[in-house]
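Chemist: prediction below, plus the sequence it came from.
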Amino acid sequence: MNDGFLSQAYSARDTASMRQLYDDWATTYEAELTKNGYATPGRCAVALAANMQDLTLPVLDFGCGTGLSGKALVAEGFTTLDGMDLSGDMLKGAESKGIYRTLKQIDGETPPDIVQGDYAAIAAIGVIGGGAAPIGVFDMLMDRLGSGGRMVLSFNDHALEDPENEGHMADWCASGRARVLFREHGDHIPGINLRSTVYVLERL
């Protein structure tokens, strides 16, 4: 198994390079993360389930990859999942799991086709931060939630080093557009000694 992919994952890159990395990584992605104890999807799924009343409502798994986050959400009782990802090869892994209602590849350059209020919750698990999507994606996803919608996301320790990331969240809360329902720092990928903070926000 080539652990080089995981070691490359947190380096800054443009959209095309990011898509290529994840396309190349797709066949070994799950095995490598499982070997290293990938904990954030399970933590996010538990947190979201604890902060929603109806787990049958539609959830968007944004940046779903091969479906590890979707599997965690299903394990906590969520029943209606749609997935979006940059990597077509990763999406093949997600499709093979048979847990998504729809799957769509996004280009990373134009806003994805998400109608405001279509989803009761949006999950962005391990999606935003160093080597991944820019913080503007957080704003875009929050804008797509209707009043009362939930967003679960994580910032790993690399993302937390940039104050702009939590700063965007603070701005949403300070302006009365959102509130934090849950926040917890814990394991992300223990095998490489990396932790993350998991958040659940409500759109007001």
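Modeler: Everything's here; your move.
Chemist: how close does Thr28 get to Gly93?
Modeler: In this view, Thr28 and Gly93 are 11 Å apart by Cβ to Cβ, to the nearest Å. To be clear about C-beta, it is placed using only N, CA and C from the backbone, and glycine gets the same treatment.
Chemist: list phi and psi for Arg101.
Modeler: Note on Arg101: its backbone torsions stand at phi -70, psi -50 [degrees, to the nearest 10].
Chemist: this protein: strands as residue ranges?
Modeler: 59-62, 81-85, 102-105, 121-124, 150-156, 178-189, 194-203 (DSSP state E).
Chemist: just checking, Leu73 touches Thr80?
Modeler: No - under the criterion of Cβ atoms under 8 Å, Leu73 makes no contact with Thr80, lying 10.0 Å away.
Chemist: now do the helices in this structure.
Modeler: 4-8, 15-25, 29-35, 40-50, 68-75, 88-96, 136-143, 157-160, 163-174 (DSSP state H).
Chemist: worst mean pLDDT among those?
Modeler: Among those, helix 4-8 has the lowest mean pLDDT, at a mean of 56.
Chemist: of Thr28 and Gly93, who's got more company?
Modeler: Gly93 (19 against 16; other Cβ atoms under 10 Å).
Chemist: per-residue confidence for the nearest residue to the more buried one once chain neighbours are set aside?
Modeler: Spatially, and ignoring its direct neighbours in sequence, Gly93 is nearest to Thr66 (3.1 Å; Cβ to Cβ, 6 or more residues apart in numbering). As summarised for this prediction, Thr66 has a pLDDT of 93.
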